[in-house]
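Trainee: Have a look; sequence and predicted model below, questions after that.
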Amino acid sequence: MYKTIATVFFCLSILATHAQKDAKSQEILKGVSSKYKTLKSLSAEFKISIEDKKTKTTQNQSGTMLISGNKYNLTITGQQIISDGKTSWTYLKDANEVQVNDATAKGDGISPSNIFTIYEKGFDSRFVEEKNVGGKPLQTIDLTPLDKSKPYFKIQLHINKTDKTIAGAKVFNNNGSIMTYTITKYTPEAAVSEAQFTFDAKKYPGVEIVDLR
């Protein structure tokens, strides 16, 4: 489950010129991209709902993430993934195991380092609607991947029109599941330290290290 979440959090600079994108969606997305690129760091709290239509079940999780450039620290229900931009560590608390990978390994989904800019390439975009949700004006944009081999066929972004931040997203997977992400708290220019983007095995007595590089 953690690998699925981490993958979906890894695929969000120049827009593909042959993609069919409507002008309104592009104007909105460029505004969001410009804002995030000015930030040196950010932290966020989020909720995830995973709905499986085949089994008619829903799983709910919550987590936090800290991002600085291409470095990140993501925690979800006893699981953690850390990256310094070169190496990534996936720590599984119940197993007391950490899996080590190259941070540049390709993924099919969204990563913490680019969740807020996934739309910049590889997608067609379409403005869907604007409506007030919880007192906030949210703009909805559908993204369709140009690469049809992706495990999902659509990502739906919800953008706060007032501050140009991403309030949430829905990922529609080919297997029939829908993953809904809701940002519950967002802090720009969050305080960070380099130690937060590396895995210190000394803090995890007896941890098993599985190097997959």
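Mentor: Thanks, I have the structure now.
Trainee: What are the phi and psi values at the closest residue to residue 100 other than its chain neighbours?
Mentor: Using C-beta to C-beta, 6 or more residues apart in numbering and skipping residues adjacent in sequence, the residue nearest residue 100 is residue 211, 4.7 Å away. (C-beta placed from N, C-alpha, C; glycine too.) Dihedral pair for residue 211: phi -90, psi 110, per degrees, to the nearest 10.
Trainee: Read off the pLDDT value for residue 211.
Mentor: pLDDT, residue 211: 95.
Trainee: Check residue 112 and give its pLDDT.
Mentor: So, for residue 112, pLDDT stands at 62.
Trainee: What about the residue nearest to residue 100, how many residues nearby?
Mentor: Residues lying near residue 211 (other C-beta atoms under 10 Å) number 9.
Trainee: measure it to residue 99 for me?
Mentor: Remark: distance between residue 211 and residue 99 (C-beta to C-beta, to the nearest Å) = 8 Å.
Trainee: what's the answer for residue 163, then?
Mentor: To residue 99, residue 163 is 36 Å away according to C-beta to C-beta.
Trainee: who's more crowded, these two?
Mentor: Applying other C-beta under 10 Å to residue 163 and residue 99 shows that residue 99 carries more neighbours, namely 18 against 12.
Trainee: tell me the pLDDT at the closest residue in space to the more buried one that isn't next to it in sequence?
Mentor: Spatial nearest neighbour of residue 99, excluding adjacent residues (C-beta to C-beta, 6+ apart): residue 90 at 4.4 Å. For residue 90, the model assigns a pLDDT of 94.
Trainee: Quickly list what residue 90 is bridged to.
Mentor: Counting by DSSP bridges, residue 90 forms beta bridges with residue 81, residue 99.
Trainee: For residue 27, see how far away it is.
Mentor: For residue 90, the distance to residue 27 - C-beta to C-beta - is 37 Å.
Trainee: same thing with residue 61?
Mentor: Counting by C-beta to C-beta - residue 61 and residue 27 are separated by 33 Å.
Trainee: What residues are bridge-paired with the closest residue to residue 76 other than its chain neighbours?
Mentor: In space, and not counting its chain neighbours, residue 76 is closest to residue 63: 3.7 Å by C-beta to C-beta, 6+ apart. Going by DSSP bridges, residue 63 is paired in beta bridges with residue 46, residue 76.
Trainee: Show me what the longest helix seen in the chain is in contact with.
Mentor: For the chain, the helix with the greatest residue count under DSSP state H is helix 23-37. With contact meaning C-beta atoms under 8 Å, 6 or more residues apart in numbering, helix 23-37 is reached by 15, 42, 116-117, 119-120, 125-127, 139, 141, 159, 161, 163-166.
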